[in-house]
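Asks: here is the input, now give the coordinates:
(3 chains)
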Amino acid sequence: MSVPFASTQLYWYLTRSTGAVSLVLFTAAVVLGVLDVQRVSSPRWPRFVIDGLHRKISLLALVFLALHVITTILDSFVSISLIEAFVPFIGSYRPFWLGLGAVALDLALAVTITSLLRARVGYRAWRIVHWLAYACWPIALMHSFGTGSDADTLWMLVLSGFCVAAVAAAVMWRVARGWPSHIRARSAALGATTLFVLFLTVWLPSGPLGPEWPRRAGTPSNLLAHSDTGTATR
Amino acid sequence: MSATLPRVLAGIEPHGALTLDAHVVTHGPLKLAGHGRRRRTAPLIDEAERAGLLGHGGASFSTARKMRSVVAARGRPLVLVNGVEAEPASEKDRVLFECLPHLVLDGAVAAADAIGADEVIVATRESLGDAADAVEGAIEERRDRGVRISLATVPDAYLAGQETALCSYLSGGALRPTFTPPRPGERGVDRRPTLVNNAETMAHLALIARHGAGWFRELGTDGQPGSTLVTLAGAVRRPGVYEIEFGSSLAHLIDVAGGSDGPLQAALIGGYAGSWLTPAELSSVALDDESLRPLGATMLAGVVFLLSGSACVVRETAALAGWMASQSARQCGPCLHGLDALAGELAALAEGYGGQAPEQRIRRVASLTARRGACAHPDGAVKALLSALDAFPELFADHARAGACTACDAPAELPLPGWRLPDARRRVAA
Amino acid sequence: MAVRVRVNPIACEAHGMCAEVLPERITLDEWGYPIVDERPVDGELVEHARLAAKSCPVLAVLLEEQRGPR
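Replies: Below is the predicted model of the structure:
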């Protein structure tokens, strides 16, 4: 049984686009989540609307994530199997960076399933698992820098920059409001966020934006283009 | 045993606890009538129902109904004797433990037998060390079969005697009330159906087991049969624990206790969740719920605190409000905010800083506070505070207008111990 | 099928979403906590009551099924 459009680059384009859209939607979900927990509301935007938006946009992000995963698997240029989407670091194509995507997917599923079954799971268990969303997002971002075909393009960099700025601002606000209660957790979050942003500014130029990133990231040699042909690599 | 007093306090000795032998001499041996796990009731439960026995811990709930609900619940039942007595002015449970522990234990063992429980826990407060020692001594003397009796102590706090808080603490959790349902009768200590009865209720049960419902009803009123222990405290010559029959006169009790030194200013009936009575009311009222209800009061756990003529009702009420706020578990928004607000308003009113129409504000906040918490603490506090406003409107109006009066300098009379719930959450307002 | 709305006051943290979703039965006091009208809810309002229970961030809103006359 053959996959339709297998010989074209359709799935490659779809996985890139749905990946980017997922990143934007998950960014919106995190920001809305922070607005939700900070009890932001106005007459035009009552609490249940912000909360409803957070839930619905998260689900929408998950839909795009599912499409991103499916089209990656269907793309024939690189062989990535279904199991690699869930079990990290076992593949042959950029195992570490792809694996980060699998980790992010697992975390997102944990958050989603506990949220859908919140009444069964109970408030405390649900809340603890929900914190994992703060880990899921940066891992997904690193996955996009590491495996993204468009990681070195200007539009993707600008888009990623806005996403990082939005999440960093939301987290900083979450940490600052209510300071200094739970000071250890807040300090840890503040430190981690600052370190992460600094890390990105230092690592990006020498990493994905640097020379021969596909090879350094673990693209199998048979897929690498030769530098003299100038063919774009994937 | 004839239809006279004393009943519960029969045979009490001035010092020390009655030994098991002396107890049996006074009351005769305890005969157990068996349980009805499969039959939904038991002889003792039926007898308690015919006797009309109500709880003596404050809620006045039908003991028979409570026992039946534990029998109907799933799981291995257990009996919890609530001798925590966290009402500061009350002494009856302490007296029972220190002097007549076997009567209480008889009741607990009979209750255990009736509901098919094999375990009895007796709970008391940490600072009632002598009571705990006496109970432990009594447990060692006993020769009951098929039931294990143990003693547990809980920290000093007003809510420590609240049934769900007590069960939570004894299950290894926090000493704070829990949301009901489920009630302890369904799920209590270690999630087992728990029969929680006040120590005095157990004492009455022990006597009903011996002498029957008919005997029990020979004293008291139709609505509240039998006798009860009253702690008479405050401005009276011989304060202490007295056994009376329901429906007897308060004025007579005060006489028996040697009368008061001077004119009385007020009486607080039922403890800190009770109601204030004016001198005219207290001199004519009978001690039973039917007589007290028209005056806005009930017996609750039987504490009668007499305020002397030299005290200031407004100042005492303000102090009580502050104390009740400090004893909140601070789990429920309306309770923690409402009681704090009421304490603030009353303190300001007492000093004359109440601003415009303080009484209106107080009643409004009170209406937002009562019946909106997980337990009855805010309800009781509101009831006590509003009853003061109702009984002494001119005094409160005077203070609102002119501030502290000459009596405000007198020493405080209501005992307000510095108790704190362990790890009471310092809940920040949302 | 009618339901009655109850709030667990211990779990409640005054988020106020329940009052937005079911103002017919829930209003907020001056401290942000819900004042619940315990009259049963029926008909179209039942769905809103279920949404109120679902949208409470701390799962403090509970619904009790009433066996009404049928």
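
Asks: CA atoms for contacts and neighbours, from now on please.
Replies: Will do.

Asks: which residues touch the most centrally placed residue in chain B?
Replies: Central residue of chain B (Cα atoms, centre = their mean): B:Ala301, 3.3 Å from the mean position. Residues counted as contacts of B:Ala301 (Cα atoms under 8 Å, 6 or more residues apart in numbering or on different chains) are B:56-59, B:90, B:230, B:270-271.

Asks: and with 6 Å instead?
Replies: B:56-58, B:270 (Cα atoms under 6 Å, 6 or more residues apart in numbering or on different chains).

Asks: chain C next: which of those are close?
Replies: Residues of the contacts of B:Ala301 in contact with chain C (Cα under 6 Å from any Cα of the partner chain): none.

Asks: in the stretch 101-250 of chain B, what residue is nearest chain C?
Replies: B:Phe179 (6.6 Å; Cα to the nearest Cα).

Asks: which stretches of chain C form helices?
Replies: C:17-21, C:45-55 (DSSP state H).

Asks: which residues does the residue of the stretch 151-300 of chain B found nearest chain A contact?
Replies: Residue nearest to chain A within the stretch 151-300 of chain B (Cα to the nearest Cα): B:Phe179, separated by 15.0 Å. Under the criterion of Cα under 6 Å, 6+ apart, the neighbours of B:Phe179 are B:Ala374.

Asks: let's see the pLDDT reported for it.
Replies: On the pLDDT scale, B:Phe179 is placed at 96.

Asks: that one: which element?
Replies: Assigned by DSSP states H and E, B:Phe179 belongs to no helix or strand.

Asks: in the chain, where is pLDDT below threshold?
Replies: Looking at chain A here, since you left the chain open. Along chain A, the parts satisfying pLDDT under 70 run over A:1, A:7, A:226-234.

Asks: chain C was what I was after
Replies: In chain C (pLDDT under 70), the answer is C:68-70.

Asks: all strands for chain C, in order.
Replies: C:2-7, C:26-28, C:34-36, C:61-66 (DSSP state E).

Asks: what residues of the strand or helix carrying B:Ile362 count as buried?
Replies: Using DSSP H and E, B:Ile362 sits within helix B:358-369. Residues of helix B:358-369 classed as buried by neighbour count (16 or more other Cα atoms under 10 Å in any protein chain shown): B:358-359, B:362-363, B:365-366, B:368-369.

Asks: show me which of the residues you listed neighbour chain C.
Replies: Among the buried residues of helix B:358-369, chain C is touched by none when using Cα under 6 Å from any Cα.

Asks: who's in contact with the most centrally placed residue in chain A?
Replies: Chain A has A:Ala140 as the residue nearest its centroid, 2.6 Å off, counting by Cα atoms, centre = their mean. Applying Cα under 6 Å, 6+ apart, we find A:Ala140 in contact with A:101, A:104.

Asks: now it: how far from chain B?
Replies: As judged by Cα to the nearest Cα, to the nearest Å, A:Ala140 and chain B stand 33 Å apart.

Asks: taking chain C, what residue is nearest to chain A?
Replies: Taking Cα to the nearest Cα, chain C has C:Met17 as its residue nearest chain A, at 5.6 Å.

Asks: hmm, back to that, neighbour count, pLDDT and distance to B:Leu395 for the contacts of B:Ala301 - can I get that in a markdown table?
Replies: A markdown table is the format used below for those (neighbours: other Cα atoms under 10 Å in any protein chain shown; pLDDT from 0 to 100; distance: Cα to Cα, whole Å):
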| residue | neighbour count | pLDDT | distance to B:Leu395 |
| --- | --- | --- | --- |
| B:His56 | 24 | 95 | 33 |
| B:Gly57 | 25 | 94 | 32 |
| B:Gly58 | 18 | 93 | 29 |
| B:Gly270 | 25 | 96 | 22 |
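
Asks: and which of those is nearest chain C?
Replies: B:Gly58 (22.7 Å).

Asks: return the distance of A:Ile183 relative to B:Gly34.
Replies: As judged by Cα to Cα, to the nearest Å, A:Ile183 and B:Gly34 stand 59 Å apart.

Asks: which strands and helices lie in contact with the helix holding B:Ile362?
Replies: Using 3 or more Cα pairs under 6 Å, 6 or more residues apart in numbering or on different chains; DSSP states H and E as the contact test, the elements touching helix B:358-369 are helix B:333-351.

Asks: and the helix it packs on, is it in reach of chain C?
Replies: No - judged by Cα under 6 Å from any Cα, helix B:333-351 and chain C are separated, with a smallest distance of 6.5 Å.

Asks: looking at that helix now, give me its mean pLDDT.
Replies: 95.

Asks: can I get that helix in CSV? Just the C-alpha atoms.
Replies: The C-alpha trace of helix B:333-351 is given here as CSV (Å, rounded to 0.1, in the frame of the first residue of the first chain):
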residue,chain,number,x,y,z
GLY,B,333,-13.0,32.5,52.7
PRO,B,334,-16.2,33.6,54.2
CYS,B,335,-15.1,32.4,57.7
LEU,B,336,-11.7,33.9,57.7
HIS,B,337,-12.7,37.2,56.1
GLY,B,338,-16.0,37.4,57.9
LEU,B,339,-14.7,36.7,61.4
ASP,B,340,-11.7,39.0,60.9
ALA,B,341,-14.0,41.8,59.7
LEU,B,342,-16.4,41.2,62.6
ALA,B,343,-13.6,41.3,65.1
GLY,B,344,-12.3,44.5,63.6
GLU,B,345,-15.7,46.1,63.6
LEU,B,346,-16.5,45.2,67.2
ALA,B,347,-13.1,46.3,68.4
ALA,B,348,-13.6,49.7,66.7
LEU,B,349,-17.2,50.0,68.0
ALA,B,350,-16.1,49.3,71.6
GLU,B,351,-13.6,52.1,71.4
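
Asks: count the neighbours of A:Val202 for me.
Replies: A:Val202 has 11 neighbours, counted by other Cα atoms under 10 Å in any protein chain shown.

Asks: what's the one helix or strand it maps to in contact with?
Replies: In this assignment (DSSP H and E), A:Val202 forms part of helix A:183-206. Applying Cα under 6 Å, 6+ apart, the set of residues contacting helix A:183-206 from outside is A:Val175.

Asks: so which bits of the next helix or strand after it are buried?
Replies: Tracing the chain C-terminally past helix A:183-206 and defining elements by DSSP H and E, one meets helix A:213-217 next. Within helix A:213-217, the residues that qualify as buried are A:213-215, A:217, counting by 16+ other Cα under 10 Å.

Asks: cool, and stretch B:58-71?
Replies: Result for stretch B:58-71 [16+ other Cα under 10 Å]: buried residues B:58, B:60, B:63-71.

Asks: stretch A:51-67 too?
Replies: For stretch A:51-67, by 16+ other Cα under 10 Å, it's A:51, A:53-55, A:57-62, A:64-67.

Asks: what do you get for stretch B:142-157?
Replies: For stretch B:142-157, by 16+ other Cα under 10 Å, it's B:147, B:149, B:151-157.

Asks: alpha carbons of that stretch, as PDB, please.
Replies: Presented in PDB, the C-alpha positions along stretch B:142-157 are these (Å, rounded to 0.1, in the frame of the first residue of the first chain):
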ATOM      1  CA  ARG B 142     -11.000  -3.100  82.600                       C
ATOM      2  CA  ARG B 143     -11.700  -6.600  81.500                       C
ATOM      3  CA  ASP B 144     -13.900  -6.100  78.500                       C
ATOM      4  CA  ARG B 145     -13.900  -8.800  75.900                       C
ATOM      5  CA  GLY B 146     -13.800  -8.300  72.100                       C
ATOM      6  CA  VAL B 147     -13.000  -4.600  72.200                       C
ATOM      7  CA  ARG B 148      -9.800  -2.700  72.200                       C
ATOM      8  CA  ILE B 149      -9.700   0.700  74.000                       C
ATOM      9  CA  SER B 150      -7.000   3.300  73.500                       C
ATOM     10  CA  LEU B 151      -6.400   6.900  74.400                       C
ATOM     11  CA  ALA B 152      -5.400   9.700  72.100                       C
ATOM     12  CA  THR B 153      -4.600  13.300  72.800                       C
ATOM     13  CA  VAL B 154      -5.000  16.200  70.500                       C
ATOM     14  CA  PRO B 155      -3.500  19.700  70.600                       C
ATOM     15  CA  ASP B 156      -5.300  22.600  72.400                       C
ATOM     16  CA  ALA B 157      -7.500  24.500  69.900                       C
END
